[in-house]
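S.K.: sequence plus the predicted model coming up.
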Amino acid sequence: MAGWIRVYASQLDCSGASLFWAGSPPDELCRSIREVGQLDPVLIRAHDEGYKLLSGYRRAAFLAQEHREITARCLPGPGSPLEDGLLYLHANTHRPLDEPMRVQALRYFQPLLEPEELTRCVAPLLGVPPRSGIWRKYLAWIELPVFWDDLLRVGNVPLAAGTILARLRQDELEALRPYFEAWKWSQGRAVQWLTLLQETVLGRGWSLVQTLEAVDGRRVLESGLAPQDALQALTTQAKALRYPQLDGMGYRFGDLAKRLFGSSRWEIIPSPNFESDAVELRLRARSVEDLRAAARALNEATAPESPLGCLKGLFQIAQDEQSEP
């Protein structure tokens, strides 16, 4: 049966691995304890000739620093790494969790539970629906080496990228690591870039290192470009390598649009991946004069004396590509 005791906080063993979210006490907690005292007990277990802390690290750390006693609920029995970890999760169900915190917890339980047990016992306590898509992303992530957790924590690598990264060999992960250490990647861009690289590796029979060389990855890495420009360059080059035909179509379309509309405010956009011959015109104007100038540019581009071949060409790039031998 659990009992209640008071003991000096400095006498508690707070080094247990099950305290995987342990951190420094925030200022508001310190101020609260100074003003009204400890309101919530910590959870401990008798250990050797002393006591082992199971939950309440920040309160214990502050009270130890103040050389004060702490109120604790002492659980019976020797416990186990699994039992202590689950108790810690239950005691912290009120805490808001982010992705790095969930990964920390899963790293602790991974060697203690089979995947099915991990899903059944831990997923609900982490606020993740078992067998959901997001849960599968967490399971994929913990197959990665631990050093990737730091990149997730600082926001450089999105959790979704782990689904692709976890399938790679150690040398391939090492080749990719500098690109994720250098910049913060959005989920969409990271998944797109990795997918393009993987498809190129499979389609051409290259290694990942050869593929990175082919897309000038090292040059972009060392270019000093602004983050968004660097990520755009990497993605554009990977797409061009993966879809060389599509890249050529894009250049042809861009050349025709420039010849027709010059530097006007019109943005001419082909259908995604040239799936059809439709085009989209977009205009961003900041004044009436911008609108008038854009209207003049549109009239000139579509006038009878305009380069008719250029105008028709915008609407038949996909058709021309298919007819070429």
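M.R.: Sure thing, it's come through.

S.K.: quick one: which helix or strand includes R6?
M.R.: Using DSSP states H and E, R6 falls within strand 3-8.

S.K.: so what are the sheet partners of that strand and their directions?
M.R.: For strand 3-8, the paired strands and their directions (DSSP bridges) are strand 69-75 (antiparallel).

S.K.: next, the buried residues of the strand it pairs with.
M.R.: Buried residues in strand 69-75, counting neighbours by 16 or more other Cβ atoms under 10 Å, are found at 70-75. No exception for glycine: its C-beta is placed from N, CA and C like everyone else's.

S.K.: ranges for the strands of the chain?
M.R.: 3-8, 12-13, 42-47, 50-55, 69-75, 266-270, 279-283 (DSSP state E).

S.K.: same list, the buried residues of strand 69-75, but as CSV with pLDDT please.
M.R.: Below are the buried residues of strand 69-75 laid out as CSV (pLDDT from 0 to 100):
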residue, pLDDT
I70, 95
T71, 94
A72, 95
R73, 94
C74, 93
L75, 92
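
S.K.: ok, the residues you listed vs P26, which is closest?
M.R.: Nearest to P26 among those: I70, at 17.5 Å, using Cβ to Cβ.

S.K.: picking up where we left off before, the strands of the chain: lowest mean pLDDT?
M.R.: For these, the weakest mean pLDDT is recorded on strand 266-270, namely a mean of 76.

S.K.: distance from it to the middle of the chain?
M.R.: Centroid separation for strand 266-270 versus its chain: 31 Å, with Cα atoms, centre = their mean, to the nearest Å.

S.K.: packing partners for that strand?
M.R.: helix 244-261, strand 279-283, helix 288-302 (3 or more Cβ pairs under 8 Å, 6 or more residues apart in numbering; DSSP states H and E).

S.K.: for these, which one ends up most surrounded?
M.R.: Compared across the helices and strands packed on strand 266-270, helix 244-261 shows the largest average neighbour count, a mean of 15 (mean count of other Cβ atoms under 10 Å).

S.K.: adding distance to L168, write the helices and strands packed on strand 266-270 out as CSV.
M.R.: Formatted as CSV, the helices and strands packed on strand 266-270 follow (distance: least, Cβ to Cβ, whole Å):
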stretch, distance to L168
helix 244-261, 24
strand 279-283, 37
helix 288-302, 48
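
S.K.: out of those, which comes closest to D13?
M.R.: helix 244-261 (61.3 Å).

S.K.: tell me the average confidence for that closest one?
M.R.: Per-residue pLDDT over helix 244-261 has a mean of 69.

S.K.: still on that earlier bit, buried set for the strand holding R6?
M.R.: Neighbour counts over strand 3-8 (16+ other Cβ under 10 Å) mark V7 as buried.

S.K.: and what of stretch 123-141?
M.R.: Buried, per 16+ other Cβ under 10 Å, within stretch 123-141: 123, 125-126, 128, 135, 137-141.

S.K.: report the two of those separated the most.
M.R.: Farthest pair in those, by Cβ to Cβ: L125 and A140, 19.5 Å.

S.K.: closest to the centroid, which residue in this structure?
M.R.: Centroid check for the chain by Cα atoms, centre = their mean gives P158 as the closest residue, at 0.7 Å.

S.K.: not counting its neighbours along the chain, what's nearest it?
M.R.: Nearest non-adjacent residue to P158, counting by Cβ to Cβ, 6 or more residues apart in numbering: Q187, 4.0 Å away.

S.K.: does that neighbour touch G162 like I think?
M.R.: No: with contacts counted by Cβ atoms under 8 Å, Q187 stays clear of G162, the gap being 10.9 Å.

S.K.: neighbour count winner among these two?
M.R.: Under the criterion of other Cβ atoms under 10 Å, the comparison of Q187 against G162 puts G162 first, with 24 against 12.

S.K.: any idea how far the residue lying closest to the more buried one once chain neighbours are set aside is from P178?
M.R.: Nearest non-adjacent residue to G162, counting by Cβ to Cβ, 6+ apart: W141, 3.7 Å away. Distance, W141 to P178, using Cβ to Cβ, to the nearest Å: 20 Å.

S.K.: with L291 instead?
M.R.: 47 Å.

S.K.: so where's this protein uncertain?
M.R.: 1-2, 245-251, 271-276, 304-314, 316-325 (pLDDT under 70).

S.K.: rerun at 80
M.R.: 1-2, 243-279, 298, 300-325 (pLDDT under 80).

S.K.: tell me the one of the buried residues of strand 69-75 nearest V191?
M.R.: L75 (44.3 Å).

S.K.: that closest one contacts I44, correct?
M.R.: Yes: L75 is within contact range of I44, at 7.2 Å (criterion: Cβ under 8 Å).

S.K.: anything in contact with each of those two?
M.R.: Each of L54 lies in contact with both L75 and I44 under the rule Cβ atoms under 8 Å, 6 or more residues apart in numbering.
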